[in-house]
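Peer 1: Next one to model:
(chains A and B)
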Amino acid sequence: MSVLLSAHLPALQVVLPLISAPLCVLFRRAGATWLIALIVSWASLGISILLLEQVIANGPISYLLGSWAAPWGIEYKVDMLSAFVMLIVTSIGSISMVFAPNSVNAEIPEDRIYLFYTMYLLTFCGLLGITITGDAFNLFVFLEISSLSSYVLISLGAERNALTAALRYLILGTVGATFYIIGVGLMYQMTGTLNMSDLAERLPAVAETRTILVALGFVTVGIGLKLGLFPVHVWLPNAYAYAPSVVTAFLAATATKVAVYALLRIYFSVFGTKIFAALPIDEFLLLLSLVAILSMSAVAIFQKNAKRLLAYSSVAQVGYMIIGISMVSVTGLTATILHLFNHAMIKGALFLVLAAVFFRIKSVKIEDMAGLGRMMPFSMAAFVVAGFSLVGVPLTVGFVSKWYLILGALEKGWWPVAGLILVSSLLAVIYFWKVIEVAYFKERPAEIGAISEVPAVMLIPMWVLVGANIYFGINTGLSVGAASAAAKLLIGGAP
Amino acid sequence: MNDHSILRVVSKIMIPFILLFALYVQFHGEFGPGGGFQAGVIFASAFILYGLIFGIENARKVLPANATRILLALGVILYAGVGVAGIFLGGNYLDYNVLAATATGGQHLGIFLVEFGVGTTVATTMVTIFFVFAGQDF
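Peer 2: Residues are numbered from 1 along each chain as shown, chains lettered A, B, ... in the order given. Modelled structure (predicted):
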């Protein structure tokens, strides 16, 4: 039985959440649906650990859906990079599901809670599907599954603004998906295939044609919209600010990361690095992301809502990842892939703290957070440590990824870029300090009354992520090892 | 719409044929043009026509909210379940060949079941969307 199933893990990774989402619709009770989502998340985490072990031991895994041979049928492909990204998605999913019940029960009306867990499972399924598939069209299908369900998740937010935010995301997200599929259509027109490995073999022959260059442009813009690339990030701050707290924590830590993964996959496993000689899209991305890390960090300083502050900071952090891509070197890609993992830990922890704050004071406005440092000592301490990590203080994961990023920049001789990365980190200190100052150095107005710390079931998931921030900041072997192995794989050529 | 007798009579005559045509498209899908998506939409259009002519309340009596929700979920489970059955019978996920004694029989059975799942979910989704927009209830 276990031998039987271990060969089918790639399919189960996607099918398990897919089949349990309709089960949630059948059960409809808040408790039962939460239990399903919790079990499925942890089971998926187990599957992704097993897949990572299999990949380390035996190399990439290929799984043929419906037993149809590869270029014709849909192929699932697990290599170092996809196994690593799946590990990120499933661990964040598992941790946020442990955290979820209190926060969800407080923020979402009872009769809609089952919808929350159903949509969470579908988003989860879509994100894992994007990561595991080896087929460019299948990636689009999963992109749509994850996007459509995340629009619903965002619209479940308590304020009416959540609906506008979700609608705006829906319009831009659909534009993004359309651009991506136009790009894939153009590639199909020139090569007659949708399988990524097959595309990688056939594209070099037609790489110089205008059709392929246009396809590259369309795919870049399409995925760029999804990952919140400056200047097409405008949907992101509102979507993050008005979504239910747990949704923000989950999406901020996974959705943009998976979109960055898709970009890596398409650039390095499908087009290959030579395409940048024909169309210098790497320089274009470098420019955009430098503007992103500076302007978005500056905009974050002026935010009054802590969730929106972190949302702008996310756009800036995505900028770091794209800078790594634009270096087109092993060190640069190591920094990108490492930052996928590290930023998921950082933003996951920070947004979970804000979820806990909202759970207690029903607000995430910075001015309302006065005195919380004393009232909620454990939560705010978690915020401080994760914030250090965001800034890039040594002994935290944020430092490790910035280290590799600056190393990559210096390798290329890009001194100004390294300088700008440091400037952007200083801006992060400023916006992060704004929250700390209010929480620790302002008295809570007496008429509002005291509040207590959140229950342990919310503190533990938060601190697990904070602990990961410290652990992987000191013991970098696992994350750096996996990231550099994945980066070498990408620069090496076909998946 | 009580005073539109032509609409009422014609739609009453039409609805059985629409349903029959939907079933034809559904179950003929593996041999010719057709399949779950098209059949589901045609099947749902019969209910939507009924709702338009005879009112949402009457249509809801035929297909209550609970029924659409359950069918909607069961369709997806049927689809995914056929795939999982493929794994337990020794093939890959969604491998139809192993579902029956012969590969051809398996392909027939697999397409039949999967398309039936698709049809169920598409039909109930269409009806649900119509009810939600028309009735502004949930």
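Peer 1: for the chain, which spans come out with low pLDDT?
Peer 2: No chain specified, so I'll use chain A. Scanning chain A for pLDDT under 70 picks out A:1-4, A:493-495.
Peer 1: ah, I was thinking of chain B
Peer 2: By pLDDT under 70, the low-scoring segments of chain B are B:1-2, B:136-138.
Peer 1: Residues of it that sit close to chain A?
Peer 2: Contact residues (Cβ under 8 Å from any Cβ of the partner chain) of chain B with chain A: B:69-70, B:72-77, B:80-81, B:83-84, B:86-88, B:91-97. Any C-beta I mention is one placed from the backbone N, CA and C, and that applies to glycine too.
Peer 1: Mind doing that once more with 7 Å?
Peer 2: Neighbours of chain A within chain B, by Cβ under 7 Å from any Cβ of the partner chain: B:69-70, B:72-73, B:76-77, B:80, B:83-84, B:87, B:91-97.
Peer 1: quick one, strands of chain B?
Peer 2: Remark: no strands are assigned in chain B by DSSP state E.
Peer 1: Tell me where it has helices.
Peer 2: For chain B, the helices defined by DSSP state H cover B:5-27, B:36-54, B:56-62, B:65-88, B:103-135.
Peer 1: export those to JSON lines and tack on mean neighbour count and distance to residue A:118?
Peer 2: Shown next, in JSON lines, are the helices of chain B (neighbours: other Cβ atoms under 10 Å in any protein chain shown; distance: least, Cβ to Cβ, whole Å):
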{"stretch": "helix B:5-27", "mean neighbour count": "14", "distance to residue A:118": "26"}
{"stretch": "helix B:36-54", "mean neighbour count": "20", "distance to residue A:118": "20"}
{"stretch": "helix B:56-62", "mean neighbour count": "14", "distance to residue A:118": "23"}
{"stretch": "helix B:65-88", "mean neighbour count": "19", "distance to residue A:118": "9"}
{"stretch": "helix B:103-135", "mean neighbour count": "19", "distance to residue A:118": "14"}
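Peer 1: Which strand or helix spans the spatially closest residue to residue A:303 that is not a sequence neighbour?
Peer 2: Nearest residue to residue A:303, sequence neighbours excluded (Cβ to Cβ, 6 or more residues apart in numbering or on different chains): residue A:309, at 3.9 Å. Per DSSP states H and E: residue A:309 is located in helix A:306-327.
Peer 1: and that helix, how far out from the chain's middle?
Peer 2: 11 Å (Cα atoms, centre = their mean, to the nearest Å).
Peer 1: Check which helices and strands the helix or strand just after that helix sits against.
Peer 2: Counting by DSSP H and E, the next helix or strand C-terminal to helix A:306-327 is helix A:330-361. In terms of contacts (3 or more Cβ pairs under 7 Å, 6 or more residues apart in numbering or on different chains; DSSP states H and E), helix A:330-361 is packed against helix A:80-107, helix A:245-264, helix A:306-327, helix A:377-391, helix A:397-411, helix A:456-474, helix A:477-492.
Peer 1: same thing but 8 Å
Peer 2: helix A:80-107, helix A:245-264, helix A:306-327, helix A:372-375, helix A:377-391, helix A:397-411, helix A:456-474, helix A:477-492 (3 or more Cβ pairs under 8 Å, 6 or more residues apart in numbering or on different chains; DSSP states H and E).
Peer 1: what's the burial count for whichever residue of the stretch 201-350 of chain A sits closest to chain B?
Peer 2: For the stretch 201-350 of chain A, the residue closest to chain B is residue A:244, as judged by Cβ to the nearest Cβ, at 18.3 Å. By other Cβ atoms under 10 Å in any protein chain shown, 24 other residues sit near residue A:244.
Peer 1: can you give me phi and psi for it?
Peer 2: Here is the backbone geometry of residue A:244 (degrees, to the nearest 10): phi -60, psi 150.
Peer 1: residues contacting it?
Peer 2: Contacts of residue A:244 were listed using Cβ atoms under 8 Å, 6 or more residues apart in numbering or on different chains, and they are A:103-104, A:107-108, A:116, A:153, A:156-158.
Peer 1: Could you rerun that using 6 Å?
Peer 2: Contact analysis of residue A:244 by Cβ atoms under 6 Å, 6 or more residues apart in numbering or on different chains lists A:107, A:156-157.
Peer 1: How about it: what's its closest non-neighbour residue?
Peer 2: For residue A:244, ignoring the flanking residues on the chain, the nearest one in space by Cβ to Cβ, 6+ apart is residue A:107 at 4.8 Å.
Peer 1: In this structure the one you found contacts residue A:158, no?
Peer 2: Yes: the criterion here is Cβ atoms under 6 Å, and residue A:107 meets it with residue A:158 at 5.5 Å.
Peer 1: Throw the helices and strands packed on helix A:330-361 into a markdown table and include mean neighbour count, thanks.
Peer 2: Putting those into a markdown table (neighbours: other Cβ atoms under 10 Å in any protein chain shown) gives the following:
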| stretch | mean neighbour count |
| --- | --- |
| helix A:80-107 | 24 |
| helix A:245-264 | 27 |
| helix A:306-327 | 26 |
| helix A:372-375 | 19 |
| helix A:377-391 | 22 |
| helix A:397-411 | 22 |
| helix A:456-474 | 20 |
| helix A:477-492 | 19 |
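Peer 1: Any chance of those helices in a markdown table with distance to residue B:123 as columns?
Peer 2: Shown next, in a markdown table, are those (distance: least, Cβ to Cβ, whole Å):
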| stretch | distance to residue B:123 |
| --- | --- |
| helix A:80-107 | 31 |
| helix A:245-264 | 30 |
| helix A:306-327 | 39 |
| helix A:372-375 | 51 |
| helix A:377-391 | 48 |
| helix A:397-411 | 49 |
| helix A:456-474 | 41 |
| helix A:477-492 | 44 |
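Peer 1: Of those, which is nearest residue A:229?
Peer 2: Closest of these to residue A:229 is helix A:306-327, at 6.4 Å (criterion: Cβ to Cβ).
Peer 1: Could you export that closest one as CSV, CA atoms only?
Peer 2: Taking C-alpha atoms only, helix A:306-327 is exported to CSV below (Å, rounded to 0.1, in the frame of the first residue of the first chain):
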residue,chain,number,x,y,z
ALA,A,306,-0.2,48.2,9.5
LYS,A,307,-1.6,45.5,7.1
ARG,A,308,-1.3,47.9,4.2
LEU,A,309,2.2,48.9,5.4
LEU,A,310,3.3,45.3,5.2
ALA,A,311,1.6,44.9,1.8
TYR,A,312,3.7,47.7,0.3
SER,A,313,6.7,46.1,2.0
SER,A,314,5.8,42.9,0.2
VAL,A,315,5.9,44.6,-3.2
ALA,A,316,9.4,45.9,-2.3
GLN,A,317,10.4,42.4,-1.1
VAL,A,318,9.2,40.9,-4.4
GLY,A,319,11.5,43.5,-6.0
TYR,A,320,14.5,41.8,-4.2
MET,A,321,13.5,38.5,-5.7
ILE,A,322,13.3,40.0,-9.2
ILE,A,323,16.7,41.7,-8.8
GLY,A,324,18.1,38.2,-8.2
ILE,A,325,16.5,36.9,-11.4
SER,A,326,17.8,39.9,-13.4
MET,A,327,21.4,38.9,-12.4
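Peer 1: Taking helix A:477-492 as reference, get the angle to that helix.
Peer 2: Here helix A:306-327 runs at an angle of 50 degrees relative to helix A:477-492 (axes from the mean of the first three to the mean of the last three Cα atoms, to 10 degrees).
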